[in-house]
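Trainee: For reference, the sequence and a predicted model appear below.
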Amino acid sequence: MDDNQHQFSSIHSGSRRGFIKKAALGSLAATPLVSQLLAAQAEKVVAPVAPLEGRLFKTLKYGMIKGGSVLERFNMAKEAGFEAIEFNTPGIPIEQAKAAIKETGIIVDGTVCGSHWAVRHSDPKPEVRAKALKDLKTGIDETRAVGGSTILLVVGHGKDGTQEEVWKRSVENIKLAVPYAAKNGITIVIENVWNHFCYDHKGDSNQTAELLGKYVDEFNSPFVGLQFDIGNHWKYGSMGDWIRHLGKRIVKLDVKGFSREKNQFTKIGAGDIDFTDVRKALIEINYNGWCAAEVGGGKLDRLKEVSANMDKAFGLSSK
């Protein structure tokens with residue numbers, strides 16, 4: 001028998017066996033008991049919905065950790081199950097942070113520009129925008145000094161003018177920092193917040209992320225992206241759909257809970273955010289990266305609770 005005949009014989013034999021097996025199962029499945037057993041078996045092999053284990057990593061804001069030295073706070077974060085911390089900048093205690101990183105193995109994955117609400121890139125006054133630019137560059141320096149890769153930024157506020165004015169001023173000012181960020185290997189990550197910009201603050205829950213996506217695209221740089229906050233805009237739209245639309249623009253995540261019914265922020269997972277759809281969307285865009293808790297903090301017991309809430313929301317195993 002040549003190779004072709006042997007191959008045909010094997011395929012034919014396998015097909016015949018498969019047909020006999022299917023026929024046998026078909027006749028068995030005709031009985032109610034066997035049908036129930038087969039259905040039960042099928043349920044057992046269903047995989048968990050959109051698991052993010054090994055793809056999503058937990059960090060938190062430094063200010064959430066209450067009490068103690070920098071080292072003690074790092075140790076609390078580690079014991080609670082976090083792998084990184086995000087400082088506010090300017091003002092990081094750089095040498096203490098470096099020592100805590102070395103001692104604990106907890107890293108600083110990124111920072112938050114601490115002055116961005118009060119000193120805005122969209123401010124009508126040139127001197128205020130100049131100060132915002134200076135703070136952003138200082139923040140980039142400090143972020144690099146402690147080994148971070150991103151600096152979170154609120155780009156402006158709708159109260160500074162029309163959407164067109166806020167858009168133009170903030171883009172022009174932030175663009176001045178982009179080459180500096182690139183040179184230092186730091187990505188500027190824009191957070192979606194309640195700043196009356198790129199969404200209708202008085203609108204309903206059917207809004208999309210189209211304007212926010214276009215705003216990020218204005219920079220046309222791999223060093224400008226998003227730290228997308230899952231809780232902040234649930235009031236205004238589907239977080240799963242926003243994630244799908246924003247796609248690769250999302251560099252990192254923030255998370256908190258929100259209840260549309262009560263119109264208030266909640267603990268992670270305690271509101272009515274559709275985290276099942278959020279997990280599916282993150283898998284669809286192939287998200288791999290950090291997610292920062294941004295909720296009320298406390299001492300170790302509270303931090304453990306936050307960590308456990310994140311595990312449940314994202315389908316992570318407790319560590």
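Mentor: Structure's in. What do you need?
Trainee: in the stretch 151-300 of the chain, which spans are strands?
Mentor: Listed in chain order, the strands of the stretch 151-300 of the chain (DSSP state E, counting those that start in this stretch) span 187-190, 224-229, 250-255, 257-259, 264-266, 289-293.
Trainee: Tell me which of these lies nearest to residue 67.
Mentor: strand 289-293 (17.4 Å; C-beta to C-beta). C-beta coordinates here come from the backbone N, C-alpha and C atoms, glycine included.
Trainee: In CSV, list the C-alpha atoms belonging to that closest one.
Mentor: Taking Å, rounded to 0.1, in the frame of the first residue of the first chain, the C-alpha atoms of strand 289-293 are listed here in CSV:
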residue,chain,number,x,y,z
GLY,A,289,-1.1,45.6,32.0
TRP,A,290,-1.8,47.4,35.3
CYS,A,291,-5.0,48.2,36.9
ALA,A,292,-5.0,50.7,39.8
ALA,A,293,-7.5,50.8,42.6
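Trainee: could the strands of the stretch 151-300 of the chain be laid out in a markdown table, adding distance to residue 104?
Mentor: As requested, those are arranged in a markdown table below (distance: least, C-beta to C-beta, whole Å):
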| stretch | distance to residue 104 |
| --- | --- |
| strand 187-190 | 24 |
| strand 224-229 | 23 |
| strand 250-255 | 21 |
| strand 257-259 | 28 |
| strand 264-266 | 30 |
| strand 289-293 | 17 |
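Trainee: Format these as CSV; extra columns: distance to residue 121, mean pLDDT and mean neighbour count.
Mentor: Converted to CSV, the strands of the stretch 151-300 of the chain look like this (distance: least, C-beta to C-beta, whole Å; pLDDT from 0 to 100; neighbours: other C-beta atoms under 10 Å):
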stretch, distance to residue 121, mean pLDDT, mean neighbour count
strand 187-190, 11, 98, 25
strand 224-229, 12, 98, 25
strand 250-255, 19, 98, 24
strand 257-259, 26, 97, 20
strand 264-266, 25, 97, 16
strand 289-293, 22, 98, 22
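Trainee: so how far is residue 263 from the nearest residue to residue 262 once chain neighbours are set aside?
Mentor: With sequence-adjacent residues excluded and distances taken as C-beta to C-beta, 6 or more residues apart in numbering, residue 262 is closest to residue 271, at 7.7 Å. Note on residue 271: its distance to residue 263, by C-beta to C-beta, to the nearest Å, is 10 Å.
Trainee: When those two are compared, which one has more neighbours?
Mentor: Each of residue 271 and residue 263 has its neighbours counted (other C-beta atoms under 10 Å); residue 271 has more, 19 against 8.
Trainee: ok, now which ones touch the more buried one?
Mentor: Going by C-beta atoms under 8 Å, 6 or more residues apart in numbering, residue 271 touches 231, 234, 257-260, 262, 265.
Trainee: ok, now with 7 Å
Mentor: Applying C-beta atoms under 7 Å, 6 or more residues apart in numbering, we find residue 271 in contact with 257-259.
Trainee: Can I get stretch 255-273 as CSV, trimmed to CA atoms?
Mentor: Provided in CSV are the C-alpha atoms of stretch 255-273 (Å, rounded to 0.1, in the frame of the first residue of the first chain):
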residue,chain,number,x,y,z
VAL,A,255,-11.1,51.0,38.8
LYS,A,256,-13.8,52.0,41.2
GLY,A,257,-17.4,51.0,41.6
PHE,A,258,-20.4,53.0,40.6
SER,A,259,-24.2,52.7,41.0
ARG,A,260,-26.4,54.2,38.4
GLU,A,261,-29.4,53.5,40.6
LYS,A,262,-28.0,55.5,43.5
ASN,A,263,-25.9,57.8,41.3
GLN,A,264,-22.8,57.4,43.4
PHE,A,265,-19.4,55.8,43.5
THR,A,266,-19.1,52.5,45.4
LYS,A,267,-16.6,49.9,46.4
ILE,A,268,-15.2,47.9,43.5
GLY,A,269,-17.9,45.5,42.4
ALA,A,270,-20.5,46.8,44.8
GLY,A,271,-22.4,49.0,42.2
ASP,A,272,-24.0,47.9,39.0
ILE,A,273,-21.1,48.1,36.5
